[in-house]
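Student: Would you be able to build a 3D model of this:
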Amino acid sequence: MCGMEDLTIIMPTPNKVPQKWALYHKEVLLDAIGDTPLITISKEPLDWGQNIPQTEYGLLNLFKQLLRGAKLATTPFIAVAEDDTLYPKEHFTFRPPLDTIAYDINRWVSFTWGEPFYFHKPNPCNGGMIAPRALLIEALEEKFVKYPNEMPGRLLKEVGRYEEKYGLRKIPMLNFYSPVPFLCFNHDYSVEPWQVRHYKKAWPVRAFDIPKWGRAEDIRQKFQ
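Tutor: The predicted structure follows:
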(Lines give C-alpha, C1' and ligand atoms only; values in the text may rest on other atoms or scores of the structure.)
Protein backbone atom coordinates (compact mmCIF):
# COMPACT_ATOMS: atom_id res chain seq x y z
CA MET A 1 0.00 0.00 0.00
CA CYS A 2 1.21 3.50 -0.81
CA GLY A 3 1.83 6.23 1.75
CA MET A 4 -0.57 9.08 2.27
CA GLU A 5 1.69 12.12 2.23
CA ASP A 6 0.25 13.07 -1.18
CA LEU A 7 -3.36 13.15 0.07
CA THR A 8 -5.59 15.62 1.93
CA ILE A 9 -8.89 14.56 3.46
CA ILE A 10 -11.80 17.01 3.12
CA MET A 11 -14.65 16.50 5.57
CA PRO A 12 -17.68 18.79 5.21
CA THR A 13 -20.27 18.63 8.00
CA PRO A 14 -23.31 20.74 8.95
CA ASN A 15 -23.00 19.28 12.48
CA LYS A 16 -26.44 17.71 12.33
CA VAL A 17 -25.52 14.11 13.21
CA PRO A 18 -25.91 12.99 16.85
CA GLN A 19 -23.03 13.96 19.15
CA LYS A 20 -22.39 10.36 20.19
CA TRP A 21 -21.98 9.39 16.55
CA ALA A 22 -19.82 12.45 15.77
CA LEU A 23 -17.34 11.43 18.47
CA TYR A 24 -17.22 7.82 17.25
CA HIS A 25 -16.87 8.96 13.63
CA LYS A 26 -13.96 11.23 14.59
CA GLU A 27 -12.18 8.36 16.37
CA VAL A 28 -12.60 6.00 13.41
CA LEU A 29 -11.58 8.57 10.80
CA LEU A 30 -8.47 9.72 12.65
CA ASP A 31 -7.41 6.11 13.13
CA ALA A 32 -7.84 5.49 9.38
CA ILE A 33 -5.93 8.55 8.17
CA GLY A 34 -3.17 8.87 10.79
CA ASP A 35 -1.24 12.10 10.21
CA THR A 36 -2.68 12.67 6.72
CA PRO A 37 -3.69 16.35 6.33
CA LEU A 38 -7.35 16.95 7.15
CA ILE A 39 -9.59 19.92 6.34
CA THR A 40 -12.90 20.07 8.21
CA ILE A 41 -15.61 22.39 6.91
CA SER A 42 -18.29 22.82 9.56
CA LYS A 43 -21.18 24.94 10.73
CA GLU A 44 -19.94 24.74 14.30
CA PRO A 45 -16.21 25.12 15.08
CA LEU A 46 -14.26 21.86 15.32
CA ASP A 47 -10.97 21.50 17.19
CA TRP A 48 -9.52 18.88 14.85
CA GLY A 49 -8.14 19.21 11.36
CA GLN A 50 -7.74 22.57 9.68
CA ASN A 51 -11.21 23.94 10.35
CA ILE A 52 -13.04 26.45 8.16
CA PRO A 53 -16.65 27.62 8.67
CA GLN A 54 -19.68 27.15 6.46
CA THR A 55 -23.11 28.73 6.89
CA GLU A 56 -25.14 27.27 4.01
CA TYR A 57 -26.75 23.86 3.65
CA GLY A 58 -27.85 21.73 0.71
CA LEU A 59 -26.53 19.70 -2.20
CA LEU A 60 -25.27 22.73 -4.14
CA ASN A 61 -23.47 23.91 -1.03
CA LEU A 62 -21.73 20.53 -0.72
CA PHE A 63 -19.93 21.15 -4.01
CA LYS A 64 -19.12 24.72 -2.99
CA GLN A 65 -17.46 23.39 0.16
CA LEU A 66 -15.54 20.70 -1.73
CA LEU A 67 -14.19 23.42 -4.00
CA ARG A 68 -13.16 25.55 -1.00
CA GLY A 69 -11.43 22.59 0.60
CA ALA A 70 -9.66 21.54 -2.60
CA LYS A 71 -8.32 25.06 -3.10
CA LEU A 72 -7.04 25.15 0.46
CA ALA A 73 -5.30 21.78 0.17
CA THR A 74 -1.77 21.59 -1.21
CA THR A 75 -1.39 17.86 -1.96
CA PRO A 76 -1.78 16.31 -5.43
CA PHE A 77 -4.83 14.28 -4.33
CA ILE A 78 -7.86 14.81 -2.13
CA ALA A 79 -10.35 12.37 -0.63
CA VAL A 80 -13.82 13.18 0.68
CA ALA A 81 -14.85 11.95 4.13
CA GLU A 82 -18.54 12.38 4.91
CA ASP A 83 -19.79 12.72 8.48
CA ASP A 84 -22.20 9.77 8.21
CA THR A 85 -19.65 7.38 6.73
CA LEU A 86 -17.01 5.11 8.27
CA TYR A 87 -13.76 4.43 6.43
CA PRO A 88 -11.04 1.78 6.76
CA LYS A 89 -7.40 2.69 6.24
CA GLU A 90 -7.33 0.75 3.00
CA HIS A 91 -9.84 3.06 1.32
CA PHE A 92 -7.42 5.99 1.37
CA THR A 93 -4.49 4.19 -0.26
CA PHE A 94 -5.88 4.18 -3.81
CA ARG A 95 -4.67 6.78 -6.34
CA PRO A 96 -6.23 7.33 -9.78
CA PRO A 97 -4.38 8.76 -12.80
CA LEU A 98 -4.02 12.54 -12.68
CA ASP A 99 -6.69 12.97 -15.38
CA THR A 100 -9.33 10.79 -13.70
CA ILE A 101 -11.60 10.97 -10.66
CA ALA A 102 -12.07 7.70 -8.78
CA TYR A 103 -14.86 6.28 -6.61
CA ASP A 104 -14.62 3.35 -4.23
CA ILE A 105 -17.56 1.01 -4.88
CA ASN A 106 -16.88 -1.44 -2.04
CA ARG A 107 -19.69 0.46 -0.38
CA TRP A 108 -22.14 -0.91 2.14
CA VAL A 109 -25.13 1.02 3.46
CA SER A 110 -27.33 0.72 6.54
CA PHE A 111 -30.55 2.48 7.51
CA THR A 112 -31.05 3.97 10.96
CA TRP A 113 -34.68 2.82 10.82
CA GLY A 114 -36.37 -0.57 10.47
CA GLU A 115 -34.61 -3.91 10.74
CA PRO A 116 -30.84 -3.48 11.18
CA PHE A 117 -28.95 -4.92 8.21
CA TYR A 118 -26.42 -3.86 5.58
CA PHE A 119 -26.82 -3.83 1.82
CA HIS A 120 -24.14 -3.63 -0.85
CA LYS A 121 -24.50 -0.56 -3.07
CA PRO A 122 -21.62 -0.59 -5.59
CA ASN A 123 -22.24 2.72 -7.30
CA PRO A 124 -20.29 5.99 -7.07
CA CYS A 125 -20.98 8.39 -4.21
CA ASN A 126 -19.33 11.63 -3.13
CA GLY A 127 -18.20 10.03 0.11
CA GLY A 128 -16.18 7.47 -1.86
CA MET A 129 -14.30 10.00 -4.00
CA ILE A 130 -10.52 10.12 -4.36
CA ALA A 131 -9.51 12.73 -6.92
CA PRO A 132 -6.56 14.63 -8.35
CA ARG A 133 -6.87 18.01 -6.66
CA ALA A 134 -6.23 20.14 -9.76
CA LEU A 135 -8.72 18.18 -11.85
CA LEU A 136 -11.44 18.45 -9.20
CA ILE A 137 -10.92 22.22 -8.92
CA GLU A 138 -11.14 22.64 -12.70
CA ALA A 139 -14.29 20.51 -12.93
CA LEU A 140 -16.11 22.29 -10.09
CA GLU A 141 -15.10 25.78 -11.24
CA GLU A 142 -16.43 25.02 -14.72
CA LYS A 143 -19.76 23.94 -13.21
CA PHE A 144 -20.09 27.11 -11.17
CA VAL A 145 -19.15 29.39 -14.07
CA LYS A 146 -22.03 27.99 -16.12
CA TYR A 147 -24.43 27.43 -13.22
CA PRO A 148 -23.45 29.90 -10.45
CA ASN A 149 -26.64 29.77 -8.37
CA GLU A 150 -28.67 26.77 -9.46
CA MET A 151 -27.72 23.55 -11.25
CA PRO A 152 -29.69 20.86 -13.06
CA GLY A 153 -30.33 17.98 -10.68
CA ARG A 154 -27.97 15.60 -12.41
CA LEU A 155 -25.07 18.03 -12.04
CA LEU A 156 -25.56 17.72 -8.28
CA LYS A 157 -24.47 14.10 -8.66
CA GLU A 158 -20.89 12.89 -8.49
CA VAL A 159 -18.28 14.68 -10.59
CA GLY A 160 -17.60 12.71 -13.76
CA ARG A 161 -21.11 11.34 -14.32
CA TYR A 162 -23.16 13.90 -16.26
CA GLU A 163 -21.07 16.97 -17.13
CA GLU A 164 -20.89 16.23 -20.85
CA LYS A 165 -24.71 16.09 -21.13
CA TYR A 166 -24.87 19.73 -19.99
CA GLY A 167 -22.25 21.20 -22.28
CA LEU A 168 -19.36 20.84 -19.84
CA ARG A 169 -16.04 19.10 -20.32
CA LYS A 170 -16.16 15.34 -19.92
CA ILE A 171 -14.37 14.33 -16.72
CA PRO A 172 -12.91 10.81 -16.88
CA MET A 173 -13.89 8.64 -13.93
CA LEU A 174 -13.22 5.12 -12.75
CA ASN A 175 -14.50 2.84 -10.04
CA PHE A 176 -12.22 0.88 -7.76
CA TYR A 177 -12.92 -1.79 -5.17
CA SER A 178 -11.12 -1.34 -1.86
CA PRO A 179 -10.16 -4.62 -0.15
CA VAL A 180 -12.08 -3.52 2.97
CA PRO A 181 -15.58 -1.99 2.71
CA PHE A 182 -16.57 1.49 3.77
CA LEU A 183 -19.92 2.00 5.44
CA CYS A 184 -22.55 4.73 4.86
CA PHE A 185 -25.64 5.41 6.96
CA ASN A 186 -28.97 6.65 5.61
CA HIS A 187 -30.55 8.75 8.36
CA ASP A 188 -32.95 11.51 9.39
CA TYR A 189 -30.30 14.25 9.41
CA SER A 190 -29.39 13.93 5.72
CA VAL A 191 -29.49 16.71 3.13
CA GLU A 192 -31.39 14.23 0.94
CA PRO A 193 -35.17 14.45 1.57
CA TRP A 194 -35.71 10.86 0.44
CA GLN A 195 -33.53 9.70 3.35
CA VAL A 196 -35.39 11.87 5.86
CA ARG A 197 -38.72 10.48 4.61
CA HIS A 198 -37.38 6.89 4.66
CA TYR A 199 -38.06 6.48 0.94
CA LYS A 200 -34.67 4.91 0.29
CA LYS A 201 -34.79 1.31 -0.88
CA ALA A 202 -32.29 -1.40 0.02
CA TRP A 203 -30.37 -3.09 -2.77
CA PRO A 204 -30.68 -6.88 -3.05
CA VAL A 205 -27.30 -8.09 -1.72
CA ARG A 206 -27.71 -7.90 2.06
CA ALA A 207 -25.88 -8.98 5.21
CA PHE A 208 -26.22 -8.79 8.97
CA ASP A 209 -22.43 -8.82 9.51
CA ILE A 210 -19.64 -7.45 7.30
CA PRO A 211 -15.81 -7.35 7.60
CA LYS A 212 -14.33 -4.57 9.73
CA TRP A 213 -17.68 -3.19 10.95
CA GLY A 214 -19.30 -6.23 12.55
CA ARG A 215 -23.01 -6.67 13.15
CA ALA A 216 -25.45 -4.09 11.85
CA GLU A 217 -27.46 -4.06 15.06
CA ASP A 218 -24.34 -3.20 17.05
CA ILE A 219 -23.01 -0.42 14.86
CA ARG A 220 -26.43 1.17 14.54
CA GLN A 221 -26.37 1.73 18.31
CA LYS A 222 -23.51 4.17 17.73
CA PHE A 223 -25.67 6.35 15.47
CA GLN A 224 -27.65 7.80 18.38
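
Student: Would you state the predicted confidence (pLDDT) at Gly3?
Tutor: The model reports Gly3 with a pLDDT of 55.

Student: no no, Val196
Tutor: pLDDT, Val196: 68.

Student: Also the one 4 residues further on?
Tutor: pLDDT for Lys200: 82.

Student: Could you report the neighbour count for the residue lying closest to it once chain neighbours are set aside?
Tutor: Nearest non-adjacent residue to Lys200, counting by Cβ to Cβ, 6 or more residues apart in numbering: Asn186, 5.0 Å away. For every residue, glycine as well, the C-beta is placed using N, CA and C. For Asn186, the count of nearby residues is 20 (other Cβ atoms under 10 Å).

Student: now do Asp188
Tutor: 13.

Student: any idea how far Tyr24 is from it?
Tutor: 17 Å (Cβ to Cβ, to the nearest Å).

Student: Show me which helix or strand of this structure is least confident by mean pLDDT.
Tutor: helix 193-196 (a mean of 69; mean pLDDT, DSSP states H and E).

Student: Which helix or strand lies directly C-terminal to it?
Tutor: Sequence order places strand 206-207 as the next helix or strand after helix 193-196, per DSSP states H and E.

Student: Remind me what that following strand packs against, helices and strands.
Tutor: Judged by 3 or more Cβ pairs under 8 Å, 6 or more residues apart in numbering; DSSP states H and E, the packing partners of strand 206-207 are strand 118-120.
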